[in-house]
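Chemist: here is a sequence together with a model predicted from it:
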Amino acid sequence: MIRTVLILGGGSAGFLAALALKTKLPELAVTVIRSKELGVIGVGEATTVALPRFLHGYLGFDPGDFYRRVETTWKLGIRFLWGRRTHFDYTFGYQLDWKWNNLPQSNGYYCADDFRYADVPSALMSHNKAFVRLPDGKPHVTINHAYHIENEKFVAFLEEKAQEIGISARDDMVAEVLQHEAGVAGLRLATGETCRADLYLDCSGFRSTLLGGALGETYSSFKSTLFNNRAVTGGWKRTTEPTKPYTTAESMQCGWCWQIDHLDRINRGYVYSTDFISDDAAEREFREKNPKVETTRLIKFQTGRHHRSWVKNVVGIGNAAGFVEPLESTGLAVICDESRLLADLLLECDRRPTPSMIAGYNQVYSREWDNIRDFLGIHFKYNTRYDNNYWQSCSTAEIGHAQAIVDFYQANGPSLYGKSNLLHNNDIFGLEGYLCLLVGQQVPYQPRRAPTPHENALWDGIKAENRVKALTALTVEESYRAVSDPSFPWNIDMYRV
């Protein structure tokens with residue numbers, strides 16, 4: 001029986017995993033070892049809908065308390081400055097995996113030329129509004145949102161919540177990993193003490209101290225699909241710029257640039273490949289695009305995953321197990337999924353995991369990492385905004401199982417009938433994600449028939465209704481003031497999905 005858990009790493013991965021285990025299995029003794037010398041990567045971070053559902057639905061954290069302490073803003077989706085269009089939006093609603101009763105075809109067939117206002121979130125994004133206004137003037141907070149967070153504030157919040165429920169956290173460094181036939185036998189710390197546990201979670205980030213370092217688990221590179229291996233980041237204090245309720249993903253010469261809006265700051269980052277551009281040249285291009293940027297920070301990474309996430313008595317969580325790249329903001333989503341499945345598995349088996357359960361856990365996450373890799377590959381393979389060596393090379397990228405989805409789309413258009421046989425069960429993007437990227441980038445397909453003028457008029461009416469809702473909606477600042485009020489009426493049940 002697993003009675004004690006030792007977590008190496010005190011970033012978001014370490015504390016989210018600790019909170020999941022201790023919340024669902026309060027009898028566990030959970031300790032987090034983190035080093036303040038290593039610190040936290042203090043950049044703005046975008047998330048997906050997985051994070052609010054995990055925080056407020058699975059862990060039960062009060063949303064109002066979270067907003068007041070972390071000062072988060074909302075993300076309704078990603079605005080792509082990408083492909084042939086000036087832009088297109090990938091929201092957390094249903095733009096294309098949907099069919100209106102009064103239209104004979106699904107929505108995607110009406111978006112060939114104009115992809116704006118396809119749903120309410122995209123309309124809100126177009127007018128820098130966060131939520132539709134209710135009759136009483138309050139924001140209508142729905143489930144279709146994620147967060148923009150400042151990582152340092154977020155991790156500080158998680159550590160405080162961990163302490164509240166009895167999770168121990170200590171500041172130390174690992175000097176040596178002791179091993180035996182069952183895996184890790186203990187961690188000898190820099191202070192001289194040796195800590196032991198029944199289960200070890202490797203949340204050490206790219207270092208992968210336990211899973212990759214001590215146990216030497218095989219690592220598979222994703223470079224044949226995802227070329228990028230660097231990010232230069234920076235930002236500036238907000239002045240008169242409107243606060244955008246979305247993440248921007250903008251095509252660059254040898255990669256792409258994000259923008260993440262916070263209440264008082266704007267964060268930008270250029271993700272690129274050193275096979276095509278030097279660090280100095282990338283910094284120059286980044287600063288030319290963003291002249292207000294103050295100091296910058298260089299982040300190195302490699303894309304790929306370990307063959308298994310759970311090996312012997314070690315489970316890798318987050319970057320210690322695998323990493324793709326920041327596009328689509330999947331990092332925290334995978335951490336939430338890993339933490340939830342691990343806690344539920346230990347609860348189900350009364351903390352006595354069997355080899356077949358561990359094998360099933362590994363299968364779920366190897367498939368999830370590969371799905372994310374292939375989905376991201378579509379972004380790069382079909383982006384025709386620039387014609388240079390980098391983007392030409394991206395057009396030859398391998399996209400694994402996603403190629404079958406693209407083939408179906410090119411033969412049938414944005415049909416909804418490929419969902420059941422083409423998508424893996426735990427594909428976190430769903431058909432909506434693939435259609436948004438393919439329709440948004442105007443990937444060509446064999447047309448069956450053109451919409452009639454009457455159908456186009458009905459579609460234009462739907463978009464006009466979405467636009468009207470956005471015009472009277474609340475801005476990010478207005479919404480934040482409303483939800484920060486302790487009297488705001490939260491519907492916590494919407495997060496329990």
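Modeler: In hand now; what should we look at? Numbering: from 1, shown residues only.

Chemist: and the gap between the nearest residue to Arg170 once chain neighbours are set aside and Gly322?
Modeler: Among residues not flanking Arg170 along the chain, Ile33 sits closest, at 5.8 Å (Cβ to Cβ, 6 or more residues apart in numbering). Any C-beta I mention is one placed from the backbone N, CA and C, and that applies to glycine too. Using Cβ to Cβ, to the nearest Å, Ile33 is found at 22 Å from Gly322.

Chemist: looking at the two, which one has more neighbours?
Modeler: Gly322 (27 against 22; other Cβ atoms under 10 Å).

Chemist: before we move on, back to that, the residue nearest to Arg170 in helix, strand or coil?
Modeler: strand (DSSP: H, G, I helix; E, B strand; the rest coil).

Chemist: remind me what the longest helix anywhere in the chain packs against, helices and strands.
Modeler: For the chain, the longest helix by residue count, based on DSSP state H, is helix 355-381. With contacts taken as 3 or more Cβ pairs under 8 Å, 6 or more residues apart in numbering; DSSP states H and E, helix 355-381 sits against strand 304-306, strand 310-311, helix 331-348, helix 389-394, helix 402-412, helix 430-440.

Chemist: got the ones you listed as TSV, with mean neighbour count, distance to Ile2 and mean pLDDT columns?
Modeler: Shown next, in TSV, are the helices and strands packed on helix 355-381 (neighbours: other Cβ atoms under 10 Å; distance: least, Cβ to Cβ, whole Å; pLDDT from 0 to 100):
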stretch	mean neighbour count	distance to Ile2	mean pLDDT
strand 304-306	22	21	98
strand 310-311	24	12	98
helix 331-348	21	6	97
helix 389-394	17	44	97
helix 402-412	17	37	95
helix 430-440	24	34	96
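
Chemist: please produce TSV containing the ones you listed, extended by distance to Leu422.
Modeler: TSV is the format used below for these (distance: least, Cβ to Cβ, whole Å):
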stretch	distance to Leu422
strand 304-306	22
strand 310-311	28
helix 331-348	21
helix 389-394	23
helix 402-412	5
helix 430-440	8
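
Chemist: please name whichever of the ones you listed is nearest to Thr142.
Modeler: helix 430-440 (15.7 Å; Cβ to Cβ).

Chemist: contacts for whatever helix or strand comes next after that closest one?
Modeler: Counting by DSSP states H and E, the next helix or strand C-terminal to helix 430-440 is helix 453-471. Residues outside helix 453-471 that contact it (Cβ atoms under 8 Å, 6 or more residues apart in numbering) are 100, 102-105, 107, 110, 114, 116-120, 122-124, 126-127, 129, 132, 451.

Chemist: for the protein, which spans come out with low pLDDT?
Modeler: Applying pLDDT under 70 to the chain flags residues 38-44.

Chemist: can you give me the helices in it?
Modeler: 12-24, 50-52, 63-70, 120-126, 151-164, 279-289, 331-348, 355-381, 389-394, 402-412, 419-422, 430-440, 453-471, 476-483.

Chemist: picking that back up, please tell me how far the residue nearest to Arg170 sits from Gly216.
Modeler: 21 Å.

Chemist: before we move on, what about Pro245?
Modeler: For Pro245 relative to Gly216 (Cβ to Cβ), the value is 44 Å.

Chemist: ok, the two, which is more surrounded?
Modeler: Higher neighbour count among Pro245 and Gly216: Pro245, with 27 against 10, using other Cβ under 10 Å.

Chemist: ok, that one touching Lys75?
Modeler: Yes - contact criterion Cβ atoms under 8 Å: Pro245 and Lys75 qualify, at 6.7 Å.

Chemist: among the helices of the chain, which is nearest Gly205?
Modeler: Nearest to Gly205, of all these, is helix 12-24, at 7.4 Å by Cβ to Cβ.

Chemist: need the contact list for the nearest residue to Leu437 once chain neighbours are set aside.
Modeler: Nearest residue to Leu437, sequence neighbours excluded (Cβ to Cβ, 6+ apart): Ile378, at 5.0 Å. Contact analysis of Ile378 by Cβ under 8 Å, 6+ apart lists Ile399, Ala402, Val406, Tyr434, Leu437, Leu438.

Chemist: which residues are in contact with the fourth one?
Modeler: Looking back up the chat, that one is Tyr434. Phe375, Ile378, Ala402, Ile405, Tyr409.

Chemist: from His401, how far off is it?
Modeler: Distance from Tyr434 to His401, by Cβ to Cβ: 11 Å.

Chemist: how about the fifth one?
Modeler: Separation of Leu437 from His401 (Cβ to Cβ) stands at 15 Å.

Chemist: try the last one
Modeler: Here the distance between Leu438 and His401 works out to 15 Å (Cβ to Cβ).

Chemist: follow-up on the earlier one: list just the nearest of the contacts of Tyr434 to Ile428.
Modeler: Closest to Ile428, out of all of the contacts of Tyr434 and judged by Cβ to Cβ, is Phe375, at 8.5 Å.

Chemist: can you name the residues that contact the residue lying closest to the closest one once chain neighbours are set aside?
Modeler: Excluding the flanking residues, the one nearest Phe375 by Cβ to Cβ, 6+ apart is Phe429, at 5.3 Å. Applying Cβ under 8 Å, 6+ apart, we find Phe429 in contact with Glu328, Asn371, Phe375.

Chemist: Tyr390 too?
Modeler: Neighbours of Tyr390 in contact, by Cβ under 8 Å, 6+ apart: Phe227, Gln253, Cys254, Gly255, Ser273, Phe276, Ile277.

Chemist: let me see the contact set for the first one.
Modeler: Each residue near Phe227 by Cβ under 8 Å, 6+ apart is listed here: Ser273, Asp275, Phe276, Phe380, Tyr390, Ser393, Cys394, Ala397.

Chemist: in this structure the last one contacts Tyr382, no?
Modeler: No - contact status for Ala397 versus Tyr382: not in contact, 9.7 Å apart, counting by Cβ under 8 Å.
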